[in-house]
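> I would like to see how this sequence folds:
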Amino acid sequence: MFSRVLIANRGEIALRIIRACHELGVEAVVVHSEADRGAAYLESADGAICIGPAAAGKSYLNIPAIISAAEIADVDAIHPGYGFLAENAHFAEVCNECGITFIGPEPASMRQLGDKVAARNLAKKARVPCVPGSEGEIKDEAEAIKLANKIGYPIILKAAAGGGGRGMRVAHNDISLRKAFAAAKTEAEAAFKNGTLYLEKFILEPRHVEVQVMADKSGNAIHFYERDCTIQRRHQKLIEESPCPVLDEKTREELCKAALRLIKEAKYHNAATCEFLLDRDKNYYFIEVNTRIQVEHPVSELVTGQDLIKWQLKIASGQTLDLRQRDIRHSGCAMECRINAEDPARGFAPNPGRVQKFIVPGGPGVRVDTHMYQGAVISPYYDSMIAKLIVHQPTREETIATMKRALREFKIEPIKTTIPAHIKILSHSLFAKGTVDTSFIERHMGA
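Next comes the predicted model:
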């Protein structure tokens, strides 16, 4: 096991990794920007190093500054968390070249699975069902229109290097496809410096289901079952739960085995999430792999009793999985609500500022992952998520009831948050029945 790890991230996930390190007897050093100087979670670390100004490009995305901090702190490894540099293959290469272990996959695996066209081709090789679409890059509008008419509208254009819904457009006919192609390409080039697009059949009323996987360097891989991430706004997840409320056991087993086949085909190690769309007939289709730990990893931890961050550290240090698939049992239902500093009444506009009241809910089955506290300042420079509220109970009905109670207990003032929106979603009859799709927010929750 490592002696000392540098955490190249901030906020909630930085604190989560600090705790896992300390429970394994590993020292944790955290980098921070000038905007995060004095943050309470830094006091939990064994050291904190400022790496630049508030802007992420000059701090949390500044590879030379992070490597310098790692050398100053004399660490064995770097954990990137999620976001920022977590899926940056160049950063992983730099770490390796400097003799510092990158806690994640090999750069080659990251590149292969991070490129959605390459990942799709690998999935086909691993006999994993894919949505009908292009075999590779769509070079121009004419090619896109020809293929769209062949597989049938509606279709969706996606950025090969994309994420977070950027570079993604839906088209229902030739006219809308022409407009969508130009818009998607421009957005992809601006966001990822890569305008490569591919095309897929747009699945109507889909659910978004993902499988949590962990693999070691010896080729062993296990899954921690699935999470349903269907409740989204503009392709950003709001609520995640496990198990998926509509999956039968046969389909569930096939889905999880498909994820493992893909990970083994990629010769991948460490944490990964294989994401799928589930159509109205319960057919599943591969869409992408996230080559990092996910925001919603606590959901899988609660239903399996496993600590995924600890497994990341163990595997990166060279340990093998001493678990077999039969050792991973799924128990009860877990659900996570992402609490963002956003105002639902104003189109989810960011709402940074000082927190004057911060009362965290508790009780049986309730977990809160956060770095916030009374008097803390929510920065305008970074992602607006300030807490994750996770509930685990024997049944979905009990989980929803506990979650609604916990949301009402959670007080964050005077900051506007997504808590009222979460209560509204959980109180909707379609959500209670589990009969939702990825357009639920837009179609049923109003502006």
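> C-alpha only now, for contacts and for neighbours.
Will do.
> what's the single longest strand in this protein?
Across the chain, the longest stretch assigned as strand under DSSP state E is strand 221-233.
> contacting residues around Cys244?
By Cα atoms under 8 Å, 6 or more residues apart in numbering, the contact list for Cys244 reads Val209, Glu226, Arg227, Asp228.
> just how off-centre is the longest strand of the chain within its chain?
For strand 221-233, the separation from the chain centroid amounts to 10 Å (computed by Cα atoms, centre = their mean, to the nearest Å).
> please apply the same query to stretch 68-79.
That offset, for stretch 68-79, works out to 25 Å (Cα atoms, centre = their mean).
> just the CA atoms of it, as CSV, please.
Taking C-alpha atoms only, stretch 68-79 is exported to CSV below (Å, rounded to 0.1, in the frame of the first residue of the first chain):
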residue,chain,number,x,y,z
SER,A,68,5.2,20.0,-8.6
ALA,A,69,2.9,19.7,-5.5
ALA,A,70,3.3,15.9,-5.7
GLU,A,71,7.1,16.2,-5.8
ILE,A,72,7.1,18.7,-2.9
ALA,A,73,4.9,16.4,-0.9
ASP,A,74,6.9,13.3,-1.9
VAL,A,75,3.9,11.2,-2.6
ASP,A,76,3.6,7.7,-4.1
ALA,A,77,0.4,8.3,-6.0
ILE,A,78,-2.2,10.8,-7.2
HIS,A,79,-5.9,10.3,-6.9
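> now what about that stretch, what contacts it?
Counting by Cα under 8 Å, 6+ apart, residues outside stretch 68-79 touching it are 2-8, 17, 29, 31, 49, 51, 95, 100-104.
> same question for stretch 122-129.
Stretch 122-129 has contacts (Cα under 8 Å, 6+ apart) with Cys130, Ala258, Ala259, Arg261, Leu262, Glu265, Ala266, Tyr284, Tyr285, Phe286.
> okay, and which of the contacts of stretch 68-79 map to strands?
Arg4, Val5, Leu6, Ile7, Val29, Val31, Ile49, Ile51, Thr101, Phe102.
> ok, and the most crowded of the residues you listed?
Leu6 (33 neighbours; other Cα atoms under 10 Å).
> distance of that residue from His422?
According to Cα to Cα, to the nearest Å, Leu6 stands 34 Å off from His422.
> tell me which element Glu241 falls in.
Element membership for Glu241, per DSSP states H and E: strand 236-242.
> report all helices and strands that that strand contacts.
strand 221-233, helix 297-304, strand 333-340 (3 or more Cα pairs under 8 Å, 6 or more residues apart in numbering; DSSP states H and E).
> pull out the CA atoms of the second one and give them to me as PDB.
This means helix 297-304. Taking Å, rounded to 0.1, in the frame of the first residue of the first chain, the C-alpha atoms of helix 297-304 are listed here in PDB:
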ATOM      1  CA  HIS A 297     -20.600   5.700  -6.200                       C
ATOM      2  CA  PRO A 298     -22.100   5.800  -2.700                       C
ATOM      3  CA  VAL A 299     -25.300   4.200  -4.100                       C
ATOM      4  CA  SER A 300     -23.300   1.100  -5.000                       C
ATOM      5  CA  GLU A 301     -21.400   1.100  -1.800                       C
ATOM      6  CA  LEU A 302     -24.600   1.100   0.300                       C
ATOM      7  CA  VAL A 303     -26.300  -1.800  -1.500                       C
ATOM      8  CA  THR A 304     -23.100  -4.000  -1.600                       C
END
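> how about the helices in the protein?
Here the chain has its helices, by DSSP state H, at 11-23, 63-73, 89-97, 107-114, 116-125, 141-151, 174-192, 249-265, 297-304, 308-316, 396-409, 419-426, 429-433, 440-444.
> for Gly375, find the nearest of the ones you listed.
Checking the helices of the chain against Gly375 by Cα to Cα gives helix 11-23 as the closest, at 15.0 Å.
> mind listing what's buried in that closest one?
Gly11, Glu12, Ile13, Ala14, Leu15, Arg16, Ile17, Ile18, Arg19, Ala20, Cys21 (16 or more other Cα atoms under 10 Å).
> which one of these is nearest to Gln294?
The closest of the buried residues of helix 11-23, once distances to Gln294 are taken by Cα to Cα, is Ile13, at 9.8 Å.
> so who does the closest one touch?
Gly81, Tyr82.
> ok, it to Asp369 distance?
Taken as Cα to Cα, the span from Ile13 to Asp369 is 8 Å.
> check Leu260 too.
Using Cα to Cα, we find Leu260 at a distance of 28 Å from Asp369.
> what about the two, which has more around it?
Leu260 (24 against 17).
> quick one, what contacts the more buried one?
Val213, Ala221, Ile222, His223.
> the first one against Glu226, yeah?
Read that as Val213. No - counting by Cα atoms under 8 Å, Val213 stays clear of Glu226, with 9.3 Å between them.
> neighbour-wise, which of the two wins?
Between Val213 and Glu226, Glu226 has the larger neighbour count (other Cα under 10 Å), namely 26 against 23.
> please name the nearest non-neighbouring residue to that one.
Excluding its sequence neighbours, the residue lying closest to Glu226 (Cα to Cα, 6 or more residues apart in numbering) is Val211, at 4.3 Å.
> next one: Asp369
Lys388 (5.1 Å).
> and if you look at Val213?
His223 (4.3 Å).
> settle this for me: Val29 is touching Ala45, isn't it.
Yes - here Val29 reaches Ala45: they are 5.7 Å apart, a contact under Cα under 8 Å.
> before we move on, the earlier item: enumerate the positions of the strand holding Glu241 that are buried.
Quick answer for strand 236-242 (16+ other Cα under 10 Å): Lys237, Leu238, Ile239, Glu240, Glu241, Ser242.
> next one: the nearest residue to the third one once chain neighbours are set aside from Arg396, what distance?
Distances taken as Cα to Cα, 6+ apart place Cys337 nearest to Ile239, at 4.8 Å, with adjacent residues excluded. Here the criterion is Cα to Cα. By it, Cys337 lies 14 Å from Arg396.
> fine by me, thanks again.
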